[in-house]
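**Student:** Next comes the sequence, and after it the predicted model I'd like to discuss.
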Amino acid sequence: MDIREVGDGGRAAEVGVTFGLLAAWAVHDLEEVATMPGWARGRVPELRQRYPRVPERVWRRLDSIDGREFATAVAVMGGVVALAAADGHRTGGRSAFYQAALNGFGLHALTHMAQSAAVRGYTPGVVTSPLVVVPFTLWARGRLRRAGVLRATRPRDVARGAALAAAATVGTHVVARQLLRRLNST
């Protein structure tokens, strides 16, 4: 059973709904960590020619993906997702932070699938997006809805969530780069 009674007599989401976000995220991001550096090295030259309007700085960044930096950024993001899952569990699924993270996780799967459509092939994260990310997100949202704790999602909430997800992604890479610089300088 995924719904439990909470002290105030209300219903709440169970551990599989809240910490399941962290588990589903880990499965998905393991695919990305395992495939991103090799994929970038193999595909960027071809994509650079196919899409000449993409700014050169984007290609240089993709071309120079360092596996350690990418894995570190993923680990930092794992901390953010763990905090969201813990907050979701603490609040019985009511947490706006948890629900925003859950929604962002589900929506970002669409980005992976769109990227694969654009490059007409595999991109890191596209296998687990339709097999893990989307089904988990839909299932968890359904459980939250049945528990009566799912927050209404308005277009502005989606826009804010997308902006926060983008900022978190950039931020985790900045943190990763700084951590690795400090480790390499000692």
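**Tutor:** Looks like it came in fine. Not measured: the values here are computed from a predicted model.
**Student:** Could I get the buried residue list for the helix or strand residue 45 falls within?
**Tutor:** Assigned by DSSP states H and E, residue 45 falls within helix 15-50. Using 16 or more other Cβ atoms under 10 Å as the test for burial, helix 15-50 gives 17-18, 20-22, 24-25, 28-29, 31-33, 35-37, 39-40, 43-44, 47-48. Every C-beta, even on glycine, is put in place using the N, C-alpha and C of the backbone.
**Student:** do the same with stretch 139-156
**Tutor:** 140, 141, 143, 144, 147, 149, 150.
**Student:** Looking at the residues you listed, spot the one nearest residue 171.
**Tutor:** If you rank the buried residues of stretch 139-156 by distance to residue 171 using Cβ to Cβ, residue 140 comes first, at 24.4 Å.
**Student:** ok so the closest one is a helix residue?
**Tutor:** Yes: applying DSSP: H, G, I helix; E, B strand; the rest coil, one finds residue 140 inside a helix.
**Student:** Looks like it contacts residue 20 (just checking).
**Tutor:** Yes: the criterion here is Cβ atoms under 8 Å, and residue 140 meets it with residue 20 at 6.3 Å.
**Student:** ok, residue 97 - how many residues close by?
**Tutor:** Here the count is done by other Cβ atoms under 10 Å, and residue 97 has 16 residues near it.
**Student:** State the helix or strand in which it lies.
**Tutor:** Here residue 97, judged by DSSP H and E, is contained in helix 96-119.
**Student:** With residue 172 instead?
**Tutor:** helix 155-185.
**Student:** Would you mind getting the angle between that helix and helix 96-119?
**Tutor:** Relative orientation of helix 155-185 versus helix 96-119 (axes from the mean of the first three to the mean of the last three Cα atoms, to 10 degrees): 80 degrees.
**Student:** Buried ones in helix 155-185, by neighbour count?
**Tutor:** 161, 164, 165, 168, 172, 173, 175, 176, 179.
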